[in-house]
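Student: Generate coordinates for the sequence data below:
(one chain, ligands or ions: 1)
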Amino acid sequence: MEKEKIYIIGAGLSGLIAALELEKSGFSPIILESSDRIGGRMKTDEVDGFLLDHGFQVLNTAYPEAKKYLDFQALNLKTFDPGAVIFEGKDSYIITDPMRNPLKIVGMAFSKVGTFLDKVKMFTLTQELKKKSNEAIFKEPSLPTHQYLKDYGFSDQIINNFFKPFFRGIFLEKHLNTPSRMFEFIFKMFALGQAAVPEKGMGEIPAMIRRQLSTTQIYFNSPVEKVEGKTIHLRNGETLEADRIIIAVQPDKVMKQLQGQFAPAHQVTNLYFSLHKSFFARPMIGLLPGDQLVNNIVFMDDVSKAYSTNGRALLSVSVLESDMGEKDLIKAVQAELEAISGIKGEYFKFVKAYTIPYALPSLEDLRYSIPMTECKITDHVYLAGDYLLNGSINAAMTSGRTAAEAVVHSYMPTY
Ligand SMILES: Cc1cc2nc3c(=O)[nH]c(=O)nc-3n(C[C@H](O)[C@H](O)[C@H](O)COP(=O)(O)OP(=O)(O)OC[C@H]3O[C@@H](n4cnc5c(N)ncnc54)[C@H](O)[C@@H]3O)c2cc1C
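Tutor: Numbers count the residues shown, from 1 in each chain. Now for the predicted structure:
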């Protein structure tokens with residue numbers, strides 16, 4: 001098995017998990033990664049005493065696949081307080097734990113976001129989804145999430161003040177067109193688990209998987225130009241002959257015949273600012289309902305102190321849609337931050353921005369898992385990546401595991 005040439009294209013979560021699973025069956029795969037590091041969409045930079053994740057993202061502690069592959073204690077996970085701070089102009093109010101304990105939210109606090117009936121519906125939805133298996137959730141007929149919420153009977157008030165800003169920040173699209181299967185899955189995960197980041201940033205997640213690899217080799221700066229049969233053409237002109245190939249990146253990147261087959265991805269711009277101190281002083285996400293540029297904000301050092309070692313607070317700001325140049329965007333965001341905090345915009349010192357054009361795949365048919373047979377596209381080529389299932393850490397891991405199982409299966413004798 002060790003001698004089999006198994007190549008994995010991409011060192012994101014799905015590629016790393018595929019390698020880990022192949023090692024467990026005695027294979028020694030080779031990962032070809034176009035960039036100079038692992039992690040794909042999950043990376044953390046160190047800049048001027050700050051830890052900057054490439055885009056605001058969180059690990060949900062209820063993700064079944066993450067529980068299998070990650071040691072939460074060793075990651076020293078830092079959890080967010082459930083709920084959100086909601087900003088309405090200069091006013092702000094906190095809604096605590098709406099997806100786990102909606103009935104515990106005291107009347108006054110809830111009345112700002114929704115009606116009494118919304119509260120009861122939140123409770124029934126929580127109970128229903130806790131009982132529903134993930135597989136069952138992904139077998140439901142899908143509606144756009146905004147339609148699902150209306151049909152469930154939620155008021156416009158709670159849809160606009162809570163669901164929209166909260167789920168826009170997760171789906172990375174403004175209109176909540178994402179299929180309701182994803183809404184139910186994420187809602188359930190928040191009902192069962194907590195949003196968290198590793199103490200030292202999201203990049204610790206792929207790093208932990210990499211540390212579990214022992215015989216896998218990773219070739220960095222090795223972009224693949226195309227895959228033809230069992231041959232991999234690298235962009236530098238070299239070719240590699242493979243026994244099996246796992247394409248752990250959206251396959252149109254390396255199979256030109258698939259170009260145009262995927263809808264444009266959801267994108268986000270994540271800006272970081274530093275401030276003398278946090279104006280939340282609690283590990284909570286801040287939501288801005290309405291049509292501002294800014295959708296959600298978080299002081300990352302309120303969640304994990306390690307995100308700032310220079311004494312200043314680190315504010316992560318997510319902007320969903322903007323065609324502004326960076327300078328104009330920074331100014332516009334500073335003005336919105338001033339409007340909600342009363343702190344002069346210029347005091348928010350710009351640190352860095354990440355524009356991520358391919359943040360989440362745009363998918364119609366969301367799935368929780370796929371049978372091994374479906375990720376095999378020829379006798380030698382297999383697929384992995386979140387785009388096969390749904391845009392999440394859990395899905396990326398599941399897809400990597402399934403592709404590896406399919407490769408292992410292909411070596412089993414057939415009777
Ligand atoms: C801003 C943002 C927020 C998110 N928020 C959350 C969240 O809160 N919760 C959650 O569960 N998920 C979230 N996600 C989704 C999650 O990060 C992804 O689902 C997961 O990281 C995808 O892993 P992957 O292996 O499928 O793909 P990728 O991470 O994209 O990995 C693909 C790899 O292939 C490499 N590559 C590309 N082309 C080539 C080539 N030609 N040759 C060789 N290598 C190549 C890339 O460099 C990359 O390393 C978020 C993602 C982003 C970007």
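
Student: mind listing the helices for the stretch 51-200 of the chain?
Tutor: 64-69, 72-75, 107-113, 116-131, 134-137, 145-152, 156-158, 164-171, 180-192 (DSSP state H, counting those that start in this stretch).

Student: Looking at these, which is nearest to the ligand?
Tutor: helix 164-171 (6.2 Å; C-beta to the nearest ligand atom). Backbone N, C-alpha and C define where each C-beta goes, glycine included.

Student: Only C-alpha atoms, please: export that closest one in CSV.
Tutor: Taking Å, rounded to 0.1, in the frame of the first residue of the first chain, the C-alpha atoms of helix 164-171 are listed here in CSV:
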residue,chain,number,x,y,z
LYS,A,164,-31.4,38.0,9.0
PRO,A,165,-28.3,39.5,10.5
PHE,A,166,-27.3,36.3,12.3
PHE,A,167,-27.7,34.0,9.4
ARG,A,168,-26.4,36.4,6.8
GLY,A,169,-23.2,36.3,8.7
ILE,A,170,-23.2,32.5,8.5
PHE,A,171,-24.5,32.0,5.0
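
Student: How far off centre is that helix?
Tutor: The chain centroid and the centroid of helix 164-171 are separated by 12 Å, computed with C-alpha atoms, centre = their mean, to the nearest Å.

Student: ok, and what's touching that helix?
Tutor: 56, 84, 86, 145-146, 174, 176, 178, 182-183, 186, 266, 285, 287-289, 295-296, 318, 320, 360 (C-beta atoms under 8 Å, 6 or more residues apart in numbering).

Student: do that again at 6 Å, thanks
Tutor: Helix 164-171 is contacted from outside by 174, 176, 178, 186, 287, 289, 295-296, 318, using C-beta atoms under 6 Å, 6 or more residues apart in numbering.

Student: Of these, grab the buried ones for PyMOL.
Tutor: The buried residues among those can be selected in PyMOL (16 or more other C-beta atoms under 10 Å) with this line:
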select buried, resi 176+178+186+287+289+295+296+318
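
Student: Ser369: which of the contacts of helix 164-171 is nearest?
Tutor: Ile186 (16.6 Å; C-beta to C-beta).

Student: can you pull the contacts of Ala359?
Tutor: Applying C-beta under 6 Å, 6+ apart, the residues contacting Ala359 are 55, 172, 266-268.

Student: Which element, helix or strand, includes the nearest residue to Gly12 once chain neighbours are set aside?
Tutor: Leaving out its chain neighbours, the residue that sits closest to Gly12 by C-beta to C-beta, 6 or more residues apart in numbering is Gly40, at 2.5 Å. Under the criterion DSSP states H and E, no helix or strand holds Gly40.

Student: gap between Gly40 and the ligand?
Tutor: Going from Gly40 to the ligand by C-beta to the nearest ligand atom, to the nearest Å gives 2 Å.

Student: how about the residues of the stretch 51-200 of the chain that lie near the ligand?
Tutor: 55, 57-58 (C-beta under 6 Å from any ligand atom).

Student: For the residues you listed, pick the one with the most neighbours.
Tutor: Most neighbours among these, by other C-beta atoms under 10 Å: Gln57, with 24 neighbours.

Student: contacting residues for that one?
Tutor: Contacts of Gln57 (C-beta under 6 Å, 6+ apart): Met202.

Student: Relative to Ala195, how far out is it?
Tutor: Using C-beta to C-beta, to the nearest Å, one gets 10 Å for the distance from Gln57 to Ala195.

Student: Okay, now the unreliable bits of the stretch 101-250 of the chain?
Tutor: 104-109 (pLDDT under 70).

Student: Between the two ends of stretch 304-316, how far is it?
Tutor: Stretch 304-316 has an end-to-end distance of 13 Å (criterion: C-alpha to C-alpha, to the nearest Å).

Student: now check it, is it near the ligand?
Tutor: No - Stretch 304-316 stays clear of the ligand (C-beta under 6 Å from any ligand atom), getting no nearer than 10.5 Å.
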